[in-house]
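J.: I need the structure of the sequence given here:
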Amino acid sequence: AVVSTQSGHYGRDPRVIGAGIGRTGTNSLNEALSVLGHRKVYKFKDAISFERRRNWASILEAKEKDVLMEALKKELEGYDATTDTPCSFYVKEILEINPSAKVILTVRDSAEVWAESYAETINSPSAKHMRKTMFQEFFVPFLIKRAGVVGAELDDPKTDLKKVYEGWIARVKAKILPEQLLVFNVKEGWSPLCEFLDVPVPDVPFPHVNHREDTKKMIARAASSQ
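T.: Numbering: from 1, shown residues only. Predicted coordinates for the structure are as follows:
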């Protein structure tokens, strides 16, 4: 069901919710929102920081709605916006925190492009190894929740990543009112983003970060340092 903008009662943060999954330009969106004046944008790196991993474990493992919502509200308090997973697992719930928030679904040119990028980076052998050996208090519940949200185990080589991507987009579109949702490819630059957020276009280039080759090198360095 589409989320109503009248049902929330858990608070008023954040104002912008990123609904994209990894390798859809979430880091570029993060940087762009910062340029546009969002002082604190929640990203994946925040979730795996030492002081936050355990709270995320309680969110990811929560069985009761009130427990989940209070933990999520506490985690996101003071943040102007969210991007990437694990926050994008909880778009519906974050909208209950602030029903007037705007949702941005970052996408790639095609499911094939995303699947190739995901396979070479987040699903690379080095990245899978890291998930099995690092930050287990976070990654164990994270992977269980991710599989439940997308309907497949992404680390399984038999999983059809293209179907996962297409299903994710369809589910977000089904949940969010059209006037509250921007489907956004970061290649489009400032214009659609600024129009959606009702802010002027800044006089600086749109940020494009976390390119595939850079990400592969970063993962390889992190894996080799273990």
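J.: alpha carbons only for contacts and neighbour counts from here, please
T.: Will do.
J.: so Arg23: helix, strand or coil?
T.: Following DSSP: H, G, I helix; E, B strand; the rest coil, Arg23 is assigned to coil.
J.: now do it, the pLDDT please.
T.: pLDDT recorded at Arg23 is 95.
J.: that one: neighbour count?
T.: By other C-alpha atoms under 10 Å, the residues close to Arg23 number 24.
J.: need the nearest residue in space to it, chain neighbours excluded.
T.: Among residues not flanking Arg23 along the chain, Tyr118 sits closest, at 6.1 Å (C-alpha to C-alpha, 6 or more residues apart in numbering).
J.: in which helix or strand would I find the residue nearest to the spatial centre of the chain?
T.: Nearest to the geometric centre of the chain sits Asp84, at 1.7 Å (C-alpha atoms, centre = their mean). Using DSSP states H and E, Asp84 sits within no helix or strand.
J.: may I have the phi/psi pair for Val16?
T.: Backbone torsions for Val16, taken as degrees, to the nearest 10, come to phi -130, psi 130.
J.: wait, what's in contact with it?
T.: Shown in contact with Val16 (C-alpha atoms under 8 Å, 6 or more residues apart in numbering): Asp80, Ala81, Thr82, Ala101, Lys102, Val103, Ile104.
J.: can you check Asp109 too?
T.: Counting by C-alpha under 8 Å, 6+ apart, Asp109 has contacts Asn185.
J.: any idea how far Arg23 is from it?
T.: Asp109 sits 12 Å away from Arg23, taking C-alpha to C-alpha, to the nearest Å as the criterion.
J.: ok, now Lys132?
T.: Applying C-alpha to C-alpha to Lys132 and Arg23 gives a distance of 20 Å.
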